[in-house]
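Novice: here is the input, now give the coordinates:
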Amino acid sequence: MTSLYLIDGHNVLYRTFFGLPRLSAPDGTPTNVVLGTARILLKILREENPSAIAAVFDSPEPTPRHLLFPEYKANRLKVPEELLAQVPLVKEVIDALGVPRIEEPGAEADDIIGTLARLAEEKGMEVVIISSDKDLYQLVSKHVRIRDGLKERTVGEEEVREAFGVGPGQVVELLALSGDPSDNIPGVPGIGEKTASGLIREFGTVENLLANTGMLKGRQRETIEKNAEMARVCRQLAEIDRNVPLPQGIEECRPRGIQAEKAAAVFRRLGFRKLLEELDLASTALPLSGGAPPAPRAVGKAGTAGDLIAAIGGKIPPRAAVAASGDKGENVAVAVPGRGVWSLPDPAVPELVRRVVEAGGLVFLFDAKDFLRRFGDVSPPPGSPPLFDLQVAAYLLAPDEGTPTLAKLRDRFLPGRGAAGEGELAARAEAIAVLGEILEGKLEEAGLSGIFREVDMPLLPVLFRMEEKGIRIDSGIFGRLSEELAEGTQKIEEQVGAIAGAEFNINSPKQLSFLLFEKLGLPPVKRTKTGYSTDVDVLERLKGAHPIPGLVLEYRTLAKIRSTYVDVLPGMVDPRDGRIHTTFHQTQTATGRLSSSDPNLQNIPVRADLGRRIRSGFVAEPGCLFIGADYSQVELRLLAHLSGDAELTRRFREGDDIHVATACAVFGVAPDGVTSELRRRAKVINFGILYGMSPFGLSRELGIGGKEAKQYIDQYFRRYPGVHRYVEGLKEQARRDGCVHTILGRRRVLRDINSQNRVLREAAERMAINT
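Specialist: As a prediction, this is how the structure comes out:
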């Protein structure tokens, strides 16, 4: 049987915008809506093979409903800028996929959909409407169904009855009474969906209800009689018009086939590489960067840096890109923009890099630390132009997208561009050259050139030297500590067994749960799929009620320290030099902070006796000393500087204990009345507010009620009003720009800062403050 698929355009746009992760094109344009819509359409075209299909959109002109009720849809929020920017792109993709697009002046999409559904049904066609809008449930019939494009849930007559308690033909009657908040249709005050459903089941229609209000009782009768005219108006607003005059009929809704060149062009522009591959459009002819794809170029051979320079006319190139394989001894590919690609032996590479840099040029690399590991520390001396690492540059431009790879950069900035030289290494060198110039320009445009040249690139060789140098450990200290920890955990197991009156596996969440909540009768805090939770949060809450939760927490701490650090670190010592060599990462965190791995030396325990003993296992060279330096309360000092709060600044200038000062302000006590517990709480408040902690989070941290936590935060902001203005201003700026900047200019994108999901939005606000 023939079929018609009708796409509720704006509904699909909103569903994909809020339902899919944020994505962006190479130029930064948001694309999650475009990609989501394209996928929905392609799924229909490929799997359903519809006889007819149309994407239907509202027009911006007022409709008859606005004339009837001026407040119609007046409550709708402003369309998010990230969504608005994608609307023309969505329409471009719809056209490229050969899907007819309908937008009729003065007509709503619902009415166009209703009219086309009626025409198709009269022709004996099956109709599927792609939407999640419950207004459209009134169109459902034996041959008309509704499908949610994201959830793949299909709604027929039975599903409408389950949702509303009435059939499709009575949905409009129900909406007249209960209203529709999404369209600002008020309905009858005090009549909700459940009550409306019962009334329509009893009376059938709104008019029949209004003619028989005498059968109603008390306040309900009074309310419906008083709002009879509004109920009639609401019915007119809710009813879909199935007789809209349209210039096109079903015949004009036949799919037109994918327009290969148009689709390839837009998909390349938006970075939809997978769609290009899926639709076999990757080879579709398309000019790149305003011209044809580069023709394969022969790779020249040079024995020395001087040979290469002579081959390009004797002048040192202002730009050069180097690509090396992972194996020493194999030749290296060097691309000089506009001049060609050369193969160089290993010994010639450091000399070429030195000569280019000394002449004031730039050397483009991808993963410069890997390059330095192979060729040694060829980084330029202070004052010289630094090496240009594409990975660091791309990360600086988009830190929220994770560690960049060369393949990702080629897909993003050079879509469809194949190998430009003989062999993968030559193609890699030429891609690095082109991408280097692109990223250099983008850093300049984004105002990030300074931090790249003055902070990130000069830091890179320092990190390389730190990795190469490594750090010595005293394996004997770790061995002794391992034995002590093993004895400590064994004693705790014995203690817990004695208290419990039976042996059990302390590492078994199931056995621990049974002991705590069934045998001992402690109150469960939260459930998991397999039973009651025994995580750290639960045990922290229960440790005051019984000794076992506290002992289990202590056991887990000792066991984790032993398994994560004490027993592991000695095994990571390089036998060649007796040192541990970690790897420092510049391109992994969204905030610009460093991280380390294999092992993570930034996460070694600090406080308490056990932490100090672990750190004592790291030792200096004979005749040398370790020096530990730290700023006192540096985060709060920065907060005072950035916010300009007079009181907070004064406290630091006068050398006051800032936590005692906050305790006096929040708890209303004199300085000599601040106990160690009050100071601890004040410290939690100081740093909690600094990192955007909510009243809920503060209440959990301090073990107090939410109301009390909110009072603490309010009192804090009354004491430090400049901090409050700074925090609120930061949130507002983040909402406006979609990102925040550090004091050095590093940018952090906050994709959920304007989300309608409160949890996501508040998390983004905390990130804004934290950054």
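Novice: pretty sure residue 33 contacts residue 91?
Specialist: No - with contacts counted by C-beta atoms under 8 Å, residue 33 stays clear of residue 91, the gap being 11.2 Å. C-beta coordinates here come from the backbone N, C-alpha and C atoms, glycine included.
Novice: among those two, which residue is more densely surrounded?
Specialist: Ranked by neighbour count (other C-beta atoms under 10 Å), residue 33 and residue 91 place residue 33 first, with 27 against 17.
Novice: for residue 50, see how far away residue 321 is.
Specialist: 49 Å (C-beta to C-beta, to the nearest Å).
Novice: can you classify residue 748 by secondary structure?
Specialist: Look at residue 748: counting by DSSP: H, G, I helix; E, B strand; the rest coil, its state is strand.
Novice: what of residue 696?
Specialist: With three-state DSSP as the basis, residue 696 sits in helix.
Novice: need the pLDDT of it.
Specialist: Note on residue 696: pLDDT of 82.
Novice: ok, it to residue 704 distance?
Specialist: Residue 696 is 11 Å from residue 704, where distance means C-beta to C-beta.
Novice: which of those two has more neighbours?
Specialist: Each of residue 696 and residue 704 has its neighbours counted (other C-beta under 10 Å); residue 704 has more, 15 against 12.
Novice: dump the residue contacts of the residue nearest to residue 141 when sequence neighbours are not counted.
Specialist: In space, and not counting its chain neighbours, residue 141 is closest to residue 168: 6.4 Å by C-beta to C-beta, 6 or more residues apart in numbering. Shown in contact with residue 168 (C-beta atoms under 8 Å, 6 or more residues apart in numbering): 137, 138, 139, 140, 141, 157, 160.
Novice: can you rerun that using 10 Å?
Specialist: 136-142, 144, 146, 155-157, 159-161 (C-beta atoms under 10 Å, 6 or more residues apart in numbering).
Novice: and if you look at residue 332?
Specialist: Residues near residue 332 by C-beta under 10 Å, 6+ apart: 322-325, 342-346, 348-349, 352, 371, 374-375, 425, 429.
Novice: just residue 731 next, same as before
Specialist: By C-beta under 10 Å, 6+ apart, the neighbours of residue 731 are 692, 740, 750, 753, 761, 762, 764, 765, 766, 768, 769.
Novice: could you check how far residue 451 is from residue 747?
Specialist: Counting by C-beta to C-beta, the gap from residue 451 to residue 747 is 10 Å.
Novice: what sits in contact with each of the two?
Specialist: 396, 592.
Novice: does the residue sitting furthest away from the middle of the chain sit in a helix, a strand or a coil?
Specialist: Each residue of the chain has a distance to the centre, and by C-alpha atoms, centre = their mean the biggest one is for residue 214: 57.2 Å. On the three-state scheme (three-state DSSP), residue 214 is labelled helix.
Novice: wait, it sits on residue 203?
Specialist: No - Residue 214 is beyond contact range of residue 203, at 11.9 Å (criterion: C-beta atoms under 10 Å).
Novice: now do residue 568: how many residues are near it, please.
Specialist: If you count neighbours by other C-beta under 10 Å, residue 568 ends up with 12.
Novice: need phi/psi at it.
Specialist: Torsion angles at residue 568 (phi, psi; degrees, to the nearest 10) stand at phi -90, psi -40.
Novice: the residue nearest to it when sequence neighbours are not counted: neighbour count?
Specialist: Spatially, and ignoring its direct neighbours in sequence, residue 568 is nearest to residue 599 (6.8 Å; C-beta to C-beta, 6+ apart). Residue 599: 18 surrounding residues under other C-beta under 10 Å.
Novice: quick one: residues contacting residue 599.
Specialist: 564, 565, 568, 569, 571, 572, 580, 581, 582, 583.
Novice: in strands, which of these appear?
Specialist: Among these, the ones falling in strands (DSSP state E) are 580, 583.
Novice: dump the contacts of residue 599 to JSON lines, plus pLDDT and distance to residue 388.
Specialist: Conversion of those to JSON lines gives the following (pLDDT from 0 to 100; distance: C-beta to C-beta, whole Å):
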{"residue": "564", "pLDDT": "87", "distance to residue 388": "37"}
{"residue": "565", "pLDDT": "89", "distance to residue 388": "37"}
{"residue": "568", "pLDDT": "91", "distance to residue 388": "37"}
{"residue": "569", "pLDDT": "92", "distance to residue 388": "36"}
{"residue": "571", "pLDDT": "91", "distance to residue 388": "37"}
{"residue": "572", "pLDDT": "92", "distance to residue 388": "32"}
{"residue": "580", "pLDDT": "94", "distance to residue 388": "30"}
{"residue": "581", "pLDDT": "95", "distance to residue 388": "26"}
{"residue": "582", "pLDDT": "94", "distance to residue 388": "25"}
{"residue": "583", "pLDDT": "93", "distance to residue 388": "21"}
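Novice: just the buried ones from the contacts of residue 599?
Specialist: Among the contacts of residue 599, the ones that count as buried by 16 or more other C-beta atoms under 10 Å are 565, 569, 580, 581, 582.
Novice: my guess is the third one contacts residue 601, does it?
Specialist: Yes - counting by C-beta under 10 Å, residue 601 is a contact partner of residue 580 at 7.5 Å.
Novice: tell me, what's touching the two both at once?
Specialist: Listed as contacting both residue 580 and residue 601 by C-beta under 10 Å, 6+ apart are 471, 569, 618.
Novice: so can I have a markdown table of these showing distance to residue 666?
Specialist: Written out in a markdown table, the entries for these read as follows (distance: C-beta to C-beta, whole Å):
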| residue | distance to residue 666 |
| --- | --- |
| 471 | 42 |
| 569 | 42 |
| 618 | 39 |
